[in-house]
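>>> Sequence and predicted structure are below.
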Amino acid sequence: MTHATRSLRHASIALRARLRRGVLAPRVRRAVALGVLAGLLTSPLPGADGTVGTAAGSLAQEWVACAVDGAPPEGTWQQAEISRVEQPLEHEGSAVDGLPVVVPQQRMPAPPLTQLPQPDRDGSVPRPVRVAVIDSGVAADHPEVGVVRPGLDLLNPCGDGRQDVTGHGTTVAGVIASTSYGAAPAVEIIPVRTALDNGLHPPSFSAAAVVWATHAGADIITMSLTNQRRGPSLLEQRAMQHARANGVALVAAAGNDPSRPAGYPAAYPETLSVTSVDPDGELSLFAARQGAVDVAAPGSRVVTLWPDGSVRTASGTSLATPVVASTIAQMLWADPSLTGAGAVEMLRAHDPEPRWPALNPSFGVLDVQQVLQMACETVGSCPSAEDAEREAVEQALDETDRDGGDGTWAASEHPATGTPRSTLGGGAGPPNLMR
């Protein structure tokens with residue numbers, strides 16, 4: 001071996017060692033592996049519609065930012081076609097752009113916002129109820145979003161689920177945990193990102209997310225990620241079975257194509273499959289209504305959050321699903337001995353009267369009042385008539401205070417996190433309508 005050959009070999013060895021130490025550090029190796037996998041998953045089959053690697057290209061930019069700067073993923077939110085809410089809305093009779101909207105906040109028994117559990121403390125009073133949102137991440141810096149725990153990003157090792165890449169996950173979480181409009185604002189959100197930039201959720205990612213969320217302490221897992229064009233996955237169903245066996249409630253969107261049966265993961269028997277109704281209680285035009293549908297809930301023009309810090313309205317079975325998840329959270333507050341899976345079985349046993357008996361299957365609209373009354377009666381925790389009358393007076397006073405303001409938004413602090421949030425002028429904070 002000549003001197004030149006030996007020098008070249010030594011240089012090659014030194015270069016490989018440098019690559020192993022630097023470019024191929026463990027975090028980056030994971031990102032590269034995810035990149036290869038995502039590239040394969042997002043490349044369409046021959047003859048399929050779409051362009052090759054659209055989502056993979058977006059992910060590649062994330063990985064470069066992660067590898068070079070350690071930067072978490074950033075959202076684009078370009079697909080938002082939803083109406084912005086400029087003024088605070090009431091629970092009843094609200095409209096945006098002249099059309100009725102659904103304000104998901106309910107007047108039900110639940111902890112007041114001043115008793116929100118601290119995100120870094122277990123065993124706080126009232127009982128912390130944790131909802132895992134498997135989606136595109138949740139924008140934890142939104143001033144209205146409530147308590148968002150560090151979660152998991154299955155696509156980017158620099159993320160922890162508290163960054164939203166498409167906006168969809170924040171709209172789902174907002175229905176549950178918006179401090180002004182959410183149906184169960186005292187929950188703790190655990191975000192799990194599985195969504196690619198094109199909205200695709202591979203079943204293997206969903207399975208991993210469900211198992212992880214189960215062991216992360218989720219009481220409820222909400223999945224607004226249904227694909228009505230694919231079949232079941234054994235791996236995904238085993239994950240659902242594992243979560244259910246550990247007492248977790250599984251709630252999933254039936255889908256937005258009325259010509260197709262409810263998709264997966266909503267169609268698994270372990271999940272509660274949710275379709276959508278409009279503000280008048282009629283099936284939404286886009287709502288899935290065939291196959292494995294268990295219940296309907298408001299999903300047309302629902303007031304929720306958008307990652308840019310705004311409040312907007314959005315539609316889809318994706319919005320109806322967190323309404324049901326919020327009802328389960330309230331059931332767990334009403335009966336602390338109840339598990340999420342037990343609450344799902346109670347909902348199934350409740351079996352609301354079918355509104356559309358001609359459909360197959362027949363199903364009804366979730367009656368939140370009746371379900372929560374059933375839950376609190378099991379432990380004798382239902383409010384008395386005197387309590388109800390007192391709360392009605394307090395509610396009227398809250399509404400009087402709001403009407404007396406100047407109608408502008410003012411900044412106050414979130415009671416659990418200390419971060420700014422938007423409230424009506426006067427700084428008193430949003431009223432607790434979840435009694």
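In hand now; what should we look at? This is a predicted model, so every value here is computed, not measured. Numbering: from 1, shown residues only.
>>> Show me which residues of stretch 92-102 are buried.
Of all the residues in stretch 92-102, those buried under the rule 16 or more other C-beta atoms under 10 Å are 94, 96, 101-102. For the C-beta atoms, the positions are set from N, CA and C on the backbone; glycine is no exception.
>>> and the residues you listed, which of them are in strands?
Mapping the buried residues of stretch 92-102 onto strands (DSSP state E) picks out Val96.
>>> how about CSV for the buried residues of stretch 92-102, with distance to Glu345 and pLDDT added?
Rendered in CSV, the data for the buried residues of stretch 92-102 read as follows (distance: C-beta to C-beta, whole Å; pLDDT from 0 to 100):
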residue, distance to Glu345, pLDDT
Ser94, 34, 84
Val96, 37, 85
Val101, 32, 87
Val102, 27, 87
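>>> Just give me the closest of the buried residues of stretch 92-102 to Gly169.
When the buried residues of stretch 92-102 are compared for distance to Gly169 (C-beta to C-beta), Val102 wins out at 19.4 Å.
>>> Spatially, what comes nearest to that closest one if we skip its sequence neighbours?
Pro298 (4.2 Å; C-beta to C-beta, 6 or more residues apart in numbering).
>>> now the stretch 101-250 of the chain, which segments are flagged as low pLDDT?
106-127, 197-199 (pLDDT under 70).
>>> the strands in it, which residues?
130-135, 147-148, 152-153, 188-193, 220-223, 249-253 (DSSP state E, counting those that start in this stretch).
>>> still on that earlier bit, biggest separation within the buried residues of stretch 92-102, which pair?
Farthest apart among these by C-beta to C-beta are Val96 and Val102. That separation is 10.4 Å.
>>> how about Thr275, what does it touch?
Counting by C-beta atoms under 8 Å, 6 or more residues apart in numbering, Thr275 touches 254-255, 262, 283-284, 287-289, 293, 295-297, 299, 317, 320, 363.
>>> Check which element follows the helix or strand it falls within along the chain.
Here Thr275 sits within strand 272-277, counting by DSSP states H and E. Next along the chain after strand 272-277, taking DSSP H and E as the criterion, comes strand 295-298.
>>> Now do that following strand, average pLDDT.
Regarding strand 295-298, the rounded mean pLDDT is 92.
>>> right, and the helix or strand after it?
Counting by DSSP H and E, what follows strand 295-298 is strand 302-305.
>>> could you dump that following strand to CSV, C-alpha only?
Extracted in CSV, the C-alpha atoms of strand 302-305 (Å, rounded to 0.1, in the frame of the first residue of the first chain):
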residue,chain,number,x,y,z
VAL,A,302,-68.3,25.4,16.5
VAL,A,303,-66.5,28.2,18.3
THR,A,304,-62.9,27.2,19.0
LEU,A,305,-59.3,28.3,18.8
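>>> coming back round to it: where do the contact lists of Val96 and Val102 overlap?
Going by C-beta under 8 Å, 6+ apart, residues that sit against Val96 and also against Val102 are 301, 303.
>>> Please point out which parts of stretch 188-200 sit buried.
188-197.
>>> Any chance of a markdown table for those, columns distance to Ile82?
Formatted as a markdown table, those follow (distance: C-beta to C-beta, whole Å):
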| residue | distance to Ile82 |
| --- | --- |
| Glu188 | 26 |
| Ile189 | 20 |
| Ile190 | 25 |
| Pro191 | 20 |
| Val192 | 23 |
| Arg193 | 21 |
| Thr194 | 22 |
| Ala195 | 18 |
| Leu196 | 21 |
| Asp197 | 19 |
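>>> Can you tell me which of those is nearest Gly137?
Arg193 (4.2 Å).
>>> With Glu86 as the reference, measure out to the closest one.
Separation of Arg193 from Glu86 (C-beta to C-beta, to the nearest Å): 30 Å.
>>> before we move on, what about Leu59?
35 Å.
>>> same deal with Leu338?
For Leu338, the distance to Glu86 - C-beta to C-beta - is 39 Å.
>>> ditto for Asn360
42 Å.
>>> do the same with Ser276
25 Å.
>>> Which of the two has more residues huddled nearby?
Ser276 (30 against 10; other C-beta atoms under 10 Å).
>>> For Tyr268, see how far away the closest residue to that one other than its chain neighbours is.
The shortest distance from Ser276 to any non-neighbouring residue, by C-beta to C-beta, 6+ apart, is to Gly299 (2.8 Å). In this view, Gly299 and Tyr268 are 20 Å apart by C-beta to C-beta.
>>> For those two, indicate the residue with more neighbours.
Legend: neighbour count by other C-beta under 10 Å for Gly299 and Tyr268, higher for Gly299 (32 against 19).
>>> Got the domain ranges for this structure?
Here the domain parsing of the chain from automatic domain parsing is 10-69, 95-377.
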